Every structure is written in structure tokens, then in C-alpha cells.
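# Give me a model of this one.
(2 chains)
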Amino acid sequence: MKILLVFISAAIVNNFVLTYFLGICPFLGVSKRIDTSVNMGLATTFVMSLAAAITWLINHYILIAFNLPFLQNVTYIITIASLVQLVEMFIRKSSPSLYRSLGIFLPLITTNCAILGLTLFAALREYSFIESLSFGIGAGAGFTIALVIMAGIREELEFADVPAPLKGAPMTLLVAGMLALAFMGFAGLLSV
Amino acid sequence: MTSQRTLFQEFKKGIWAENPVIKMLLGMCPALAVTNSAVNGLAMGLASTFVVICSSAIVSIIRRFVPGGVRIPTYIIIIAGFVTLADLFLRAYFPVISKALGPYVPLIVVNCMIMGRAEFFASKHPVVPSILDALGTGTGFVWVLVVLGSIREILGSGSIFGVTLLSERIYTPWVVMILPAGAFLSLGLLIALINYLTQRRQGAH
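Next comes the predicted model:
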């Protein structure tokens, strides 16, 4: 039950982009078209679930076992960077077509703060292994939802007559603000 | 003294012309996440400034010894080291602020503003200009965070730096301003206002 709650909480109620402001850079940068944002979302979800599982193992079997929690930050960022590199090499060898659609997004994911944020939140809340995994998949799903909704709105905005000072980033931020207001409606859904 | 002026320009450009948040849209994540009060904005700004100055200095010192292929991982490890220092310092001396900022302090590692300064400036310039460039960028980051934090704190809780400005009898706080939605709306409007002023000044010439 807790596993399902963690998933729904990460995906919708406490959406990573709209309530924790994690992954804002790709959210503002890669949300111009729906198809690219779906691919970006899938690549991020994939890395997030892997990162959640692997950092949990590292945290419990290396950092806590040897009493080194102050190295958490450095270890996590190195783990994520090498993980992304490995995934990129694996996909390039095993599935060239998948590589063509996800490839260019993978290097960007290393500096996506949503991944590091996810692993830090999971460690802070002391999730179990399965809960961490569910948290990772849920956070990825939430990121994808926010990115795709944003891309849909921005595709329509292309045809709108936006006042000159609001063009570009300010308009995107205002739309994100309204989306965040809408997502606040889910706040009563569950209390985790 | 031409070199003196260029050094000053390296410092000055980060404050306005190449401001990380307003002009380059870097470091958006902390700019939005921790500015629900002016104090939090100031603390996050100063911590990030410390990290960007130290990491730019080190990156600039070792720029001739780092092979191009591994430079990004090297920079990340340098930045992560200084972030850990800042995190432990805040936890030891300012536990209340450290608790309020939560995991956003360790997240300074992935602040693209710091990586940006290391990659685009410090890796190509000597130590002194790199430090000044980082100081300017940090100052630009601090003022945006403090302004944004003040706007949200005044509107959202009727106070500034914890001092009550508007009492609850005459002013009903806009709670939404200290919630996530208020962060997006106020930063969007702040950038729009600055764009408007810049465009009007350009039009007047």
C-alpha cells in the first residue's frame, strides 16, 4: 500500500517539476514539441528508476555500512554521471533505433537536478528498496506528465499573440505557474 | 590602466548584462525553490556564491593539467567537494536555515550556473579574472534571489526578513505567493518587467 502511495505522491500530488522545482531546465528547454518531450520524459524515467535503485544499494551497503554519509553528495553525482554514460553505451550497442530517438537527451540528463534530487529525497525519507524504486518510477512519470502538458500548451501558444516583454521565458514561467495552481487541486488526495 | 578596467568589466557583467537567472536562465531550480522568504534566498545565494568562486578558482588553476575528455567529471567533483563544505558549514552554524533549505543545499552541485562559469570562463582564463567573473555572477544570483524572496515574503506573509510589515488586520496574506505556483508567477512577471524596461529604453534611443 505504502508503495502505491509513494508512487502517486511522486507522480501527481508532489509533482517533481511543479512543486519541488526539480528538472526546470529541461522543462523550459525541451518542452517545445510533444514528441521530443515524450522521448525526453521516457529517457529520464528510465535513468531515474535505475538511479533510485543503485544509489539505495550504495547508500546502504557502502556509505552507511562504513559510516561515510558526508560523502553522499559526491558519491551520488559520480554514480549518476557514470550510470548515464553506461546506459548510453548500452543503448547504442543494443538498439540503434532507440538510441536515435533518446541519444541526444541522455548527456543532458546527467545535469538534470531531478535525478540527484530524487536520490537525495529518497535517502532523506529513509525509503526501503522497493519504495525507492517506486519513488523513482513515480517521479519519472510525473516529470513526463508535466513535460508533455507543457509541450501541448506551448504548441498552441505558437499561434497566440503574446505581448513582446512576455515572449519566451516569462510566458513559459507564467504557464508553469498556472499548471502548478492546477496541480494544487490534487493536494487533498492523500497526505504523505 | 586598461587591464584594470577589463577586470572590473569581468565582475560587472554578471550583475546585469549576463545575469545568470534573468538573462541566461541558469540556476532556475534554486531561484524558484528557496525564495519563499528573503532570508532563505540570501542564504542560498551566498552559499552558491561561495561554491562558484572556489570552484572557478580551482578550475582555473588546474586548467592546463586536465585532459579535455574528462574535464566535465573533474569539474563536477570539484564543485561537489565545495558544496559538501558549504552544506556541513550551514548544518553546523545555521541549523534552522539548513533545515529550511533541505536537500536544495546539496543540489547546488547541479546548478548549471556554476558549471557554466567553470566550463565557459574559468577553464580558459587565468585565476584573478576567473574569481572576479565568479564573484560577479554570484552577486547577480544573490540580488535576484533576495528581490524575489522579498516580493514573495511581503505578499505571501506580510513581512520581510522575518519583520512584520503589514499586520494581519489590514492585510490578508496571499498564501499562494509562498506556494510553488507563486514562485513561477513572480519570477515570470519579474523577467517580463525587466524585458519591458529594457525594450522601452532601447526604443527611446
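
# packing partners for the helix or strand in which A:Lys93 is found?
Using DSSP states H and E, the element containing A:Lys93 is helix A:72-94. Applying 3 or more C-beta pairs under 8 Å, 6 or more residues apart in numbering or on different chains; DSSP states H and E, one finds that helix A:72-94 contacts helix A:34-58, helix A:96-102, helix A:106-110, helix A:113-124, helix B:71-93. Just so you know, the C-beta spots here come from the backbone N, C-alpha and C atoms, and that holds for glycine as well.

# can you list these in JSON lines and add mean neighbour count?
Below are the helices and strands packed on helix A:72-94 laid out as JSON lines (neighbours: other C-beta atoms under 10 Å in any protein chain shown):
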{"stretch": "helix A:34-58", "mean neighbour count": "21"}
{"stretch": "helix A:96-102", "mean neighbour count": "14"}
{"stretch": "helix A:106-110", "mean neighbour count": "19"}
{"stretch": "helix A:113-124", "mean neighbour count": "25"}
{"stretch": "helix B:71-93", "mean neighbour count": "18"}
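
# which stretch among these comes nearest A:Gly136?
Among these, helix A:34-58 comes nearest to A:Gly136, with 2.9 Å by C-beta to C-beta.

# quick one: which of the helices and strands packed on helix A:72-94 is nearest B:Gly162?
The nearest among those, by C-beta to C-beta, is helix B:71-93 at 17.6 Å.

# dump the residue contacts of the residue nearest the centre of chain B.
The centroid of chain B falls nearest to B:Phe141 when counting by C-alpha atoms, centre = their mean (2.9 Å). Going by C-beta atoms under 8 Å, 6 or more residues apart in numbering or on different chains, B:Phe141 touches B:19-21, B:27, B:31, B:45, B:48-49, B:52, B:113.

# what does B:Gly136 give?
Counting by C-beta under 8 Å, 6+ apart, B:Gly136 has contacts B:10-15.

# how near is A:Asn112 to B:Val66?
24 Å (C-beta to C-beta, to the nearest Å).

# for B:Leu187, same thing?
35 Å.

# Looking at the two, which one has more neighbours?
Neighbour count, other C-beta atoms under 10 Å in any protein chain shown: between B:Leu187 and B:Val66, B:Leu187 has more, with 26 against 16.

# Wait, the more buried one touches B:Leu32, no?
Yes: counting by C-beta atoms under 8 Å, B:Leu187 does reach B:Leu32; the two are 6.1 Å apart.

# The lengthiest helix in chain A and chain B in contact?
Looking across chain A with DSSP state H, the single longest helix is helix A:129-157. No: under the criterion of C-beta under 8 Å from any C-beta of the partner chain, chain B is not reached by helix A:129-157; the shortest gap measures 11.3 Å.

# angle of the following helix or strand past that helix against helix A:129-157?
Per DSSP H and E, the first helix or strand lying C-terminal to helix A:129-157 is helix A:169-184. Angle of helix A:169-184 versus helix A:129-157, following axes from the mean of the first three to the mean of the last three C-alpha atoms, to 10 degrees, is 130 degrees.

# and for helix A:169-184, what are the contacting residues?
For helix A:169-184, the external contacting residues (C-beta under 8 Å, 6+ apart) are A:12, A:15, A:17-19, A:27-28, A:31, A:146, A:149-150, A:153-154, A:157, A:162, A:166, B:25, B:176, B:179-185, B:187-189, B:191-192, B:195.

# before we move on, what about stretch A:54-65?
A:68-69, A:71-72, A:75-76, A:79-80, A:83, A:119, A:122-123, A:127, A:129, A:132-133.

# From the residues you listed, which shows the smallest pLDDT?
In terms of pLDDT, A:Pro69 ranks lowest among these, with 84.

# What separation do you get for the spatially closest residue to that one that is not a sequence neighbour and chain B?
Excluding the flanking residues, the one nearest A:Pro69 by C-beta to C-beta, 6 or more residues apart in numbering or on different chains is A:Leu63, at 5.6 Å. In this structure, A:Leu63 and chain B are 13 Å apart, going by C-beta to the nearest C-beta, to the nearest Å.

# What about A:Leu63, how many residues nearby?
18.

# Model confidence for it, exactly?
Value listed for A:Leu63 in the pLDDT field: 90.

# and what of A:Pro107?
pLDDT, A:Pro107: 71.

# and what of A:Leu102?
68.

# now A:Met184
A:Met184 is given a pLDDT of 85.

# pLDDT-wise, which helix or strand of the chain ranks last?
No chain was given, so I picked chain A. helix A:106-110 (a mean of 72; mean pLDDT, DSSP states H and E).

# My question was about chain B, not that one.
Of chain B's SSEs (mean pLDDT, DSSP H and E), minimum confidence goes to helix B:2-13, a mean of 75.

# Report how many residues lie close to A:Leu189.
Count around A:Leu189 with other C-beta under 10 Å applied: 11.

# I'd say it and A:Asn14 touch.
No: A:Leu189 is beyond contact range of A:Asn14, at 10.4 Å (criterion: C-beta under 8 Å).

# Tell me the residues on chain B that lie near chain A, please.
So far as C-beta under 8 Å from any C-beta goes, chain B lies against chain A at B:25, B:28-29, B:32-33, B:73, B:76-77, B:80-81, B:83-84, B:87-88, B:102-103, B:106-107, B:109-112, B:115, B:176, B:179-185, B:187-189, B:191-193, B:195-196, B:199.

# Mark which of the residues you listed are part of helices, please.
Short answer: these in helices (DSSP H) are B:28-29, B:32-33, B:73, B:76-77, B:80-81, B:83-84, B:87-88, B:112, B:115, B:180-185, B:187-189, B:191-193, B:195-196, B:199.
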